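1. Predicted model and sequence below, questions to follow.
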Amino acid sequence: MRFRDWATRVLLISLMFTALSVAILVGKISQSQSNTITPSNQEITTAGSEYPQVKLQSAKNQAEKSPDLPKSQLKTNKAAVRYKTTQAFVQYRPRYEIASVNPSNYGERYAKDVNGVTLNNQPIVVLHETGYSASSAVNFFQIPHEDENVQASYHALIKLDGTVVYLVPPDKRAFGAANSVFDGIEGAETVKTNPDLPSSVNNFAYHVSLETPLDGRGENQQIHSGYTEAQYYSLAWLIAQSQVPSDRITTHKAVDRSGQKVDPISFDFDKFLTLLDTFRQLNPVYRANK
């Protein structure tokens with residue numbers, strides 16, 4: 001074989017190996033890019049894994065906590081399939097933060113009251129406002145409080161810019177309302193879990209607070225400019241994840257029995273409920289079986 005022919009073949013073989021190596025390298029880069037999660041998607045995933053939904057106490061987990069309770073005494077948990085979130089819910093993604101709360105400021109949900117009576121209250125949502133800045137509220141919740149009259153917390157807080165701050169997990173009992181009663185369609189509901197303190201709604205409540213606007217902060221405030229559009233949207237988005245019906249969404253002022261709570265001040269309930277209806281709808285299966 002002549003040297004020219006031999007050199008030509010060697011060159012062709014080298015080019016083939018080079019092309020194959022490039023193809024393999026491109027494939028690895030493409031695969032790496034397809035497996036990469038953008039920071040925004042990663043943020044959403046983290047939020048979902050930390051607090052997937054506003055899941056509250058239901059007849060199902062009451063039965064798990066109290067297996068001795070006859071099924072006939074448990075309310076049918078129709079709320080489990082009552083609502084579905086909408087496309088508007090999927091498209092709206094508020095910013096979020098997760099802040100730790102000192103364990104002294106929240107506790108477990110009780111299966112029985114102080115008299116040993118099994119509890120079967122369906123969940124409610126109680127709306128609040130901070131009174132001061134969001135950061136001051138979070139700071140207070142992070143301080144240990146031994147005095148049970150001082151202990152306080154919310155499950156979530158919504159800042160003026162719509163950021164949702166997750167504080168106490170939904171399955172825990174936040175200390176959002178002390179002396180309190182919920183007047184529902186089936187009558188007054190409250191639970192006494194401490195013989196030395198008044199009964200309250202905390203055991204079956206999910207507490208959400210709105211950050212107070214600048215012109216409403218301080219003691220003895222009775223009026224202010226109201227909440228931002230972002231706060232209303234984020235509040236509706238958050239509650240849309242729950243199965244709590246509209247008639248079991250209330251305010252701190254409505255449940256309070258101390259005569260001292262007036263929050264949330266200037267809250268537009270109609271506006272909130274309209275937004276809530278855009279983020280969730282009745283499940284057709286629930287409607288058909290109703």
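-> That came in fine, so what should we check first?

2. Least confident secondary structure element in this protein?
-> The helix or strand of the chain with the lowest confidence, counting by mean pLDDT, DSSP states H and E, is helix 39-50 at a mean of 30.

3. any idea how far residue 189 lies from residue 120?
-> The gap separating residue 189 from residue 120 is 10 Å, by CB to CB, to the nearest Å. (Glycine included, C-beta is placed from N, CA and C.)

4. higher neighbour count, those two?
-> residue 189 (21 against 17; other CB atoms under 10 Å).

5. got a pLDDT number for that one?
-> Residue 189 carries a pLDDT value of 98.

6. cool, and residue 118?
-> At residue 118, the model reports a pLDDT of 97.

7. mind checking how far it is from residue 250?
-> 24 Å.

8. Please identify which of the two sits among more neighbours.
-> Ranked by neighbour count (other CB under 10 Å), residue 118 and residue 250 place residue 250 first, with 20 against 17.

9. Any idea what the more buried one is bridged to?
-> Beta-bridge partners for residue 250, by DSSP bridges, are residue 126.

10. isn't it right up against residue 125?
-> Yes - counting by CB atoms under 8 Å, residue 250 touches residue 125, with 7.1 Å between them.

11. which residues of the stretch 51-200 of the chain fall in strands?
-> Taking DSSP state E, counting those that start in this stretch as the test, the strands found in the stretch 51-200 of the chain are 83-85, 96-98, 106-108, 124-129, 156-158, 164-166, 172-174, 182-184, 187-189.

12. taking the ones you listed together, which one is wrapped up most tightly?
-> For those, average neighbour numbers computed from mean count of other CB atoms under 10 Å are highest in strand 156-158, which has a mean of 26.

13. Against which helices or strands is that strand packed?
-> Other helices and strands packing on strand 156-158, by 3 or more CB pairs under 8 Å, 6 or more residues apart in numbering; DSSP states H and E, are helix 134-141, strand 164-166, strand 205-210, helix 229-239.
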